[in-house]
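**Student:** Return a 3D structure for these sequence lines:
(one chain, ligands or ions: 2)
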Amino acid sequence: MNKKIAFIGAGAMAEAMISGMVAKNWAAPENIIVTNRINAKRLEELKENYKVTISKSASEAIHQADILILAMKPKDAEQALRLINKAVHADHILISVLAGISTDLISSLLDAPVPVIRAMPNTSAAIGYSATGIAGGKFAEVKHMQLAEELFSCIGTTTCLREESLHAVTGLSGSGPAYVYYLVEAMQQAASSMDISEEEARDLIAQTLLGAAHMVKISGDHPKQLRQKVTSPGGTTEAGIQMLDHFQVKNAIEQCVKRAAERSEELGKIYTRSSSQGIV
Ligand SMILES: NC(=O)C1=CN([C@@H]2O[C@H](COP(=O)(O)OP(=O)(O)OC[C@H]3O[C@@H](n4cnc5c(N)ncnc54)[C@H](O)[C@@H]3O)[C@@H](O)[C@H]2O)C=CC1
Ligand SMILES: O=C(O)[C@@H]1CCC=N1
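**Tutor:** Ligands and ions are numbered 1, 2, ... in the order given. Here you go, the predicted model:
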């Protein structure tokens, strides 16, 4: 890939993507330009760790790049886009990973007909395991979608969807790693109370999650079937699952995913409203 990519925003998600791209040799590190609002130390850290090019000026980064990746918090998007608008043109491709923010809102803040692609990756991008959903805005053509698909496929899997579905994707797989880490925290807590060391527990839990994830992906069996294969009548799993049912954990997880998706919609609405009032 000989295109230049500018990250506007240098936080956790930008780093996860940079780390994955560099590890896969998808882009030469010097072709990745990273910029943020004020934190020069953070840029130096990314330069040191990944050998990327850093820039203190977003407009300078935009002038050098072919692909722009918007990676600031939704609340900072309007200010960033007002600046980006001065440098961006229709030959750029703008990829936004912002939760909740629609391509229409982004396009409404830009004068040029820039192809905008909304993406929802997750932090497992850092090790090539992101599950990313992408959707194209009104100026995004097939060739732009293909490029975005190629980009995200270097850091995991990519699914093309209708843009309305990206709120759900955000609740499911964008935030998803955090739910899994929450489960790991709980399992580690249990292990520690039963005198298993943190290190031993981490290995046992991680391998258990990996094995179960591969089974879900490879076996083609419904998760309920997979669960039943573990559950002997009158055995340990049944006793454990009874506690999950007692605490309505399935319902809690369903509500968790739906609430996160709803929050994505809310973020979209907050910033649509604020943007029209010019007060983000
Ligand atoms: N962290 C995650 O798991 C995921 C995050 N996202 C999205 O990625 C975006 C970034 O999230 P994080 O990396 O977690 O946030 P973060 O807070 O770690 O990083 C945000 C970065 O944006 C920079 N920034 C703020 N205003 C700016 C401006 N006007 N111009 C240039 N840079 C600016 C900050 O200096 C910082 O480097 C969010 O919109 C979030 O919805 C999407 C998928 C997963
Ligand atoms: O929590 C958030 O808002 C972001 C979006 C998906 C994951 N992290």
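**Student:** Could I get the full set of helices for this structure?
**Tutor:** 12-23, 40-50, 58-64, 77-84, 103-108, 142-153, 166-169, 176-193, 198-218, 223-230, 236-246, 249-277 (DSSP state H).
**Student:** Redo those helices as TSV? Include distance to ligand 1 and mean neighbour count.
**Tutor:** C-beta here means a position set from N, CA and C on the backbone, and glycine is covered the same way. TSV is the format used below for the helices of the chain (distance: least, Cβ to the nearest ligand atom, whole Å; neighbours: other Cβ atoms under 10 Å):
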stretch	distance to ligand 1	mean neighbour count
helix 12-23	4	22
helix 40-50	6	14
helix 58-64	6	18
helix 77-84	4	20
helix 103-108	12	19
helix 142-153	11	17
helix 166-169	10	24
helix 176-193	7	13
helix 198-218	18	12
helix 223-230	24	12
helix 236-246	26	11
helix 249-277	8	15
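**Student:** Can you add distance to Ile5 and give those back as JSON lines?
**Tutor:** JSON lines is the format used below for those (distance: least, Cβ to Cβ, whole Å):
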{"stretch": "helix 12-23", "distance to Ile5": "8"}
{"stretch": "helix 40-50", "distance to Ile5": "12"}
{"stretch": "helix 58-64", "distance to Ile5": "10"}
{"stretch": "helix 77-84", "distance to Ile5": "14"}
{"stretch": "helix 103-108", "distance to Ile5": "17"}
{"stretch": "helix 142-153", "distance to Ile5": "8"}
{"stretch": "helix 166-169", "distance to Ile5": "21"}
{"stretch": "helix 176-193", "distance to Ile5": "23"}
{"stretch": "helix 198-218", "distance to Ile5": "29"}
{"stretch": "helix 223-230", "distance to Ile5": "37"}
{"stretch": "helix 236-246", "distance to Ile5": "43"}
{"stretch": "helix 249-277", "distance to Ile5": "24"}
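**Student:** what does the stretch 101-250 of the chain have sitting close to ligand 2?
**Tutor:** Contacts of the stretch 101-250 of the chain with ligand 2, taken as Cβ under 6 Å from any ligand atom, map to 170, 174-175.
**Student:** one step back: okay if I get the helices of the chain as TSV plus mean pLDDT?
**Tutor:** Shown next, in TSV, are the helices of the chain (pLDDT from 0 to 100):
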stretch	mean pLDDT
helix 12-23	94
helix 40-50	96
helix 58-64	94
helix 77-84	93
helix 103-108	95
helix 142-153	96
helix 166-169	98
helix 176-193	98
helix 198-218	97
helix 223-230	98
helix 236-246	98
helix 249-277	89
